[in-house]
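Colleague: Below are the sequence and a predicted model; questions follow.
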Amino acid sequence: MKEITIVINGQSQQVAKATKVIDLLAALGHAEQGMALAINQNIISRSEWPDHVLQDGDDIALFQAIAGG
Amino acid sequence: MLNDAETLRYSRHLLLENVGEAGQLKLKQAKVLIMGMGGLGAPASMYLAAAGVGSLVLADFDQLDVTNLQRQICYDSEQVGQAKVDAAKSRLLALNDHIRIRVINKKMAQSQLAMEIGLADIVLDCTDNLASRHLISQVCCQTKTPLIVGAGIRLEGQLMMFDFSQPDSACYHCLFPSTEEQALNCSNSGVLGPVVGTIGSLQALEAIKYIVGLPSGIKNQLKLFDGLSLNWQSFAIKRDPDCPVCQPYSK
């Protein structure tokens, strides 16, 4: 198995096995600034992005800080 | 002791097992700092004033603009042009004259902010920009003051609590390390009043719970509110061991 299936903000997607969080964001074309990312309802700290490896079935939420009020 | 007028006024609190007279006295002795008196601070301050929080400090340096009235429900049309904190103070004292309200009508330097936060039992971040949010979280972390953060734009809301009195607390920077300002704000992207109303009301709820000693449902959690579907998502925030803001205070 060279690919795993993950869910990003409700959309199913195939990515290569051993993809790291930081690779995923680069592939999605997201600017990292202001983004937060959670896997299976746990926030993954920015400092962990370069090392954290995605697993098959991971449910990923990607969102931005809201500044307004 | 509560006097007769207070006993009558807060009778619906006194009926609650979770509040009662002991809880009401804690509310009376509590001091809450509300940073920002916009769409979040307006409902939050009204609920805290109504609940009998004995000392409210309102910080904001804006004047009321007519475009604020669509969502900032503690103000009246005839108050346009007044300092928001003065307008809010008169409204809140009309609601409940058993409480004390102090206002800060300027942008505080960090030293004054640290003093004000240090004097508060709990802080509500109701501001509208990332720089303020980062600074408030940093100072709350330094002074070990619990912080309830609310935010809203368009039809989306965010709510989180950092109990810096506890050694395991994450901070705002652990979640959102970037200090670069967002391109989106309420002025250019719009916001529905009840969205910030919902979040601001929940900030008040969490503050009341904290003061009377009830456990928070959102400690070290981020709640995302979708005003379209009315769905909530919850995420656990853990302290980032490499966080330059809270790590130095983790000992």
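Modeller: Received, thanks.

Colleague: Get me the contact residues on the stretch 1-150 of chain B for chain A.
Modeller: B:36, B:38-41, B:125-130, B:133, B:150 (C-beta under 8 Å from any C-beta of the partner chain). All C-beta spots, glycine's among them, are computed from the backbone N, C-alpha and C.

Colleague: which stretch of helix or strand covers the nearest residue to A:D58 once chain neighbours are set aside?
Modeller: Closest residue in space to A:D58, ignoring its immediate chain neighbours: A:I6 at 4.6 Å, by C-beta to C-beta, 6 or more residues apart in numbering or on different chains. Assigning secondary structure by DSSP states H and E places A:I6 in strand A:3-8.

Colleague: Contacts made by whatever helix or strand comes next after that strand with the rest, please.
Modeller: With elements assigned by DSSP H and E, the helix or strand that comes after strand A:3-8 is strand A:11-16. Under the criterion C-beta atoms under 8 Å, 6 or more residues apart in numbering or on different chains, residues A:K2, A:E3, A:I4, A:T5, A:I6, A:V7, A:L24, A:A27, A:L54 lie in contact with strand A:11-16.

Colleague: which residues of the stretch 1-150 of chain B score low on pLDDT?
Modeller: For the stretch 1-150 of chain B, no stretch has pLDDT under 70.

Colleague: re earlier: so what strands line up beside the strand holding A:I6?
Modeller: Paired neighbours of strand A:3-8 in the sheet (DSSP bridges): strand A:11-16 (antiparallel), strand A:59-64 (parallel).

Colleague: List the buried residues of that strand.
Modeller: By neighbour count on 16 or more other C-beta atoms under 10 Å in any protein chain shown, the buried set for strand A:3-8 is A:I4, A:I6, A:I8.

Colleague: returning to that earlier point: wait, the residue nearest to A:D58 touches A:D56, no?
Modeller: Yes. Counting by C-beta atoms under 8 Å, A:D56 is a contact partner of A:I6 at 7.5 Å.

Colleague: quick check: mean pLDDT across the strand holding A:I6?
Modeller: For strand A:3-8, the mean pLDDT works out to 96.

Colleague: Off-centre distance for that strand?
Modeller: In this view, strand A:3-8 has its centroid 10 Å away from the chain centroid, taken as C-alpha atoms, centre = their mean, to the nearest Å.

Colleague: ok, residues contacting it?
Modeller: Contacts to strand A:3-8, defined as C-beta under 8 Å, 6+ apart, come from residues A:12-17, A:19, A:24, A:28, A:54-60, A:62.

Colleague: about what we covered before: from the residues of the stretch 1-150 of chain B next to chain A, which land in strands?
Modeller: If you go by DSSP state E, the residues of the stretch 1-150 of chain B next to chain A have B:D125, B:G150 in strands.

Colleague: Put the buried members of the residues of the stretch 1-150 of chain B next to chain A into a ChimeraX selection.
Modeller: Buried residues among the residues of the stretch 1-150 of chain B next to chain A (16+ other C-beta under 10 Å), as a ChimeraX selection:
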select /B:36,38,39,40,41,125,126,127,128,130,133,150
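
Colleague: so which of the contacts of strand A:11-16 comes closest to B:M115?
Modeller: A:L24 (43.8 Å; C-beta to C-beta).

Colleague: Around the closest one, count how many other residues there are.
Modeller: The tally of other residues near A:L24 (other C-beta atoms under 10 Å in any protein chain shown) stands at 22.

Colleague: Export the buried residues of strand A:3-8 to a markdown table and append columns for distance to B:S189.
Modeller: Formatted as a markdown table, the buried residues of strand A:3-8 follow (distance: C-beta to C-beta, whole Å):
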| residue | distance to B:S189 |
| --- | --- |
| A:I4 | 35 |
| A:I6 | 29 |
| A:I8 | 23 |
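
Colleague: residue boundaries of the strands in the stretch 51-200 of chain B?
Modeller: B:55-59, B:100-104, B:122-125, B:147-153, B:156-162 (DSSP state E, counting those that start in this stretch).

Colleague: Partner strands of the fourth one and their direction?
Modeller: Applying DSSP bridges, strand B:147-153 is found paired with strand B:122-125 (parallel), strand B:156-162 (antiparallel).

Colleague: Please work out the average pLDDT along stretch A:44-54.
Modeller: The average of the pLDDT scores along stretch A:44-54 is 94.

Colleague: In contact with the closest residue to chain A within the stretch 1-150 of chain B, which residues?
Modeller: The nearest approach of the stretch 1-150 of chain B to chain A comes at B:L40, 4.1 Å away (C-beta to the nearest C-beta). Contact analysis of B:L40 by C-beta under 8 Å, 6+ apart lists A:G69, B:L124, B:C126, B:G150, B:A151, B:G152, B:V196, B:I199, B:G200, B:Q203.
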